[in-house]
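Asker: coordinates for the following, if possible.
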Amino acid sequence: MDAATIAVLIHISLEILVIMRVILRPHREPTSRLAWIVVVVTLPVIGILAYLLLGEVNIGRRRVARMQKVIDSLPKLSNDTCPQETLQAQIPDIYDHLFRVGRSISGYSPVGGNSGQLLADSNTTINRMVEDIDSAQDHVHLLFYIWLPDQNGCKIIDALKRAAERGVKCRAMVDGLGSRILIKSPYWNEMTAAGIHTAVALPIGNPLLRPFVGRIDLRNHRKIVVIDHNITYCGSQNCADPEFRIKPRYAPWVDAVIRFQGPVARQNQHLFISDWMTYVDEDLSSLLSTPITPAETGLPAQVVGTGPTVRYSAMPELFESLIHSARRELVITTPYYVPNESMQDAICATAYRGIDTKIIFPARNDSRIVGAASHSYYEELLQAGVKIYEYEGGLLHTKSLTLDGDVTLIGSANMDRRSFDLNYENNILFYDPALTQSIRERQQEYMAASKEVTAEAVAAWSMARRLKNNAIAMLGPVL
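Answerer: Take a look at the predicted model:
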């Protein structure tokens, strides 16, 4: 037997072993298994390496163990200051099951006594954060996926320096990949020198060795701000200028952020602390025992944190529960749409039920691959009666869902497989017709600046375009 034959036999044996691993791996949709098997079989050597490096959700055993130890050590959040009976009175029975789904994911119950304000735009959001940081008396906690050393990024840095100088505890955390420009800039060391405690989530380290201890593309995509136990922000915005100078051709980035006051800030605090203590040897658990007093009246809200170490399919479950619950209207905005089959079916079924169903996407996506995959779903959505709009005023980055004018989900999670399987995300689910109306009006503004996509326009796409879109979508579970 010559060397070439031996090499072929070894390769075939490896392919069989990897295919068996693909088939036996838990928590995989059949389409995902099939896509990876195609890659392994059709791309000699490269397909095997691709699966071993990118085919499984793995952030490293040590990191998972430490994260679980931190979560187990933190005090459980209770509703002692906001009794469950009061919460049930605030949430209509028809929506109670939605908050039960949220609680099953993160363990956070909905808490009442909150207020919320939808901020006008990205610059207004940063300016309001600066005001709150300048007024902080005890602590400021920030976590961003992308933090750039641009005008808005430096505004926050300067505000943190001022707060640290007057004795406020400031902790700033960023994702190792998304904020690599800031981490490598002089500003990062200046922050530390000024007394700001800094940390990096999911650090890259040596990019050649990193894949062997965990996937390099598992990221902390959260955007969390907590100030003095009582103020928190939630939405899609990173800490950067809307011009987003690392991708200026798609600018401006169009985001939506709500500033909350009340007990829901404690839940975002819990999420931040669990991330912080995973990477920093600093026990912050005492901050979760500080008494908080909710307002006598206020909206019920609930933080939902998801990620690759949280229950599998948690984010799709929440999205689909909301979608199936629509009785009058469902409006969704998302920049990245690569759904699993059940989510696509849920949206189509909602439109078939006669529900006024609308989805708003950016007209130009900063990811051509995701944009092409998204387009592959248009025909089926339109046939079901879903109205599709493409926003033309920049890159619509807002991740929002409004349900029957009463319930809103807002936060960092996209309707794509990265947010479902690979990213740590944070969202807030709330019931409040008034604040939901503010979100609904913002969504209407997006539609007014959009072009509605028609079935005739999609039918006129060339065969080459259809082939590209469908081929990319077919590899969605891989990409």
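
Asker: for residue 77, see how far away residue 68 is.
Answerer: 17 Å (C-beta to C-beta, to the nearest Å). In this view, the C-beta of every residue, glycine as well, is placed from N, C-alpha and C.

Asker: I should have written residue 314 there, sorry.
Answerer: 18 Å.

Asker: who has more neighbours out of these two?
Answerer: residue 314 (21 against 18; other C-beta atoms under 10 Å).

Asker: how is this protein carved up into domains?
Answerer: With domains defined by automatic domain parsing, the chain comprises 3-54, 61-91+108-305, 314-474.

Asker: distance between the longest one and the chain's centre?
Answerer: Spelled out, that is domain 61-91+108-305. 13 Å (C-alpha atoms, centre = their mean, to the nearest Å).

Asker: can you give me the end-to-end distance of it?
Answerer: The first and last residues of domain 61-91+108-305 sit 21 Å apart, counting by C-alpha to C-alpha, to the nearest Å.

Asker: low-confidence stretches in the stretch 101-250 of the chain?
Answerer: Across the stretch 101-250 of the chain, residues meeting the criterion (pLDDT under 70) sit at 207-214.

Asker: which stretches in it count as strands?
Answerer: 111-118, 139-144, 169-175, 197-201, 219-220, 223-227, 231-235 (DSSP state E, counting those that start in this stretch).

Asker: any chance of these in CSV, plus mean neighbour count?
Answerer: Shown next, in CSV, are those (neighbours: other C-beta atoms under 10 Å):
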stretch, mean neighbour count
strand 111-118, 22
strand 139-144, 24
strand 169-175, 23
strand 197-201, 19
strand 219-220, 25
strand 223-227, 25
strand 231-235, 25
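
Asker: which one of the ones you listed lies nearest to residue 355?
Answerer: With C-beta to C-beta as the measure, strand 111-118 is the member of the strands of the stretch 101-250 of the chain nearest residue 355 (23.9 Å).

Asker: report all helices and strands that that closest one contacts.
Answerer: helix 84-90, strand 257-261, helix 264-279, strand 299-306, helix 433-448 (3 or more C-beta pairs under 8 Å, 6 or more residues apart in numbering; DSSP states H and E).

Asker: could I have the CA atoms of the top helix by length along the chain written out in CSV?
Answerer: Using DSSP state H to define each element, the chain has its longest helix at helix 3-24. Extracted C-alpha coordinates of helix 3-24, given in CSV (Å, rounded to 0.1, in the frame of the first residue of the first chain):
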residue,chain,number,x,y,z
ALA,A,3,1.7,6.5,0.8
ALA,A,4,-1.0,8.2,-1.3
THR,A,5,-3.5,5.4,-0.5
ILE,A,6,-2.6,5.5,3.2
ALA,A,7,-3.2,9.3,3.2
VAL,A,8,-6.6,8.8,1.5
LEU,A,9,-7.7,6.2,4.0
ILE,A,10,-6.6,8.4,6.9
HIS,A,11,-8.6,11.3,5.5
ILE,A,12,-11.7,9.2,4.9
SER,A,13,-11.4,7.8,8.5
LEU,A,14,-11.1,11.4,9.8
GLU,A,15,-14.1,12.4,7.8
ILE,A,16,-16.2,9.6,9.2
LEU,A,17,-15.2,10.4,12.7
VAL,A,18,-16.0,14.1,12.3
ILE,A,19,-19.3,13.3,10.6
MET,A,20,-20.2,11.0,13.5
ARG,A,21,-19.3,13.9,15.9
VAL,A,22,-21.6,16.2,13.9
ILE,A,23,-24.4,13.7,14.1
LEU,A,24,-24.0,13.0,17.8
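
Asker: next, the buried residues of it.
Answerer: By neighbour count on 16 or more other C-beta atoms under 10 Å, the buried set for helix 3-24 is 15, 18, 19, 22.

Asker: next secondary structure after that helix?
Answerer: helix 30-42 (DSSP states H and E).

Asker: give me the residues contacting that following helix.
Answerer: By C-beta atoms under 8 Å, 6 or more residues apart in numbering, the list of residues contacting helix 30-42 from outside reads 15, 18-19, 22-23, 25, 47-48, 50-51, 55, 341, 474-478.
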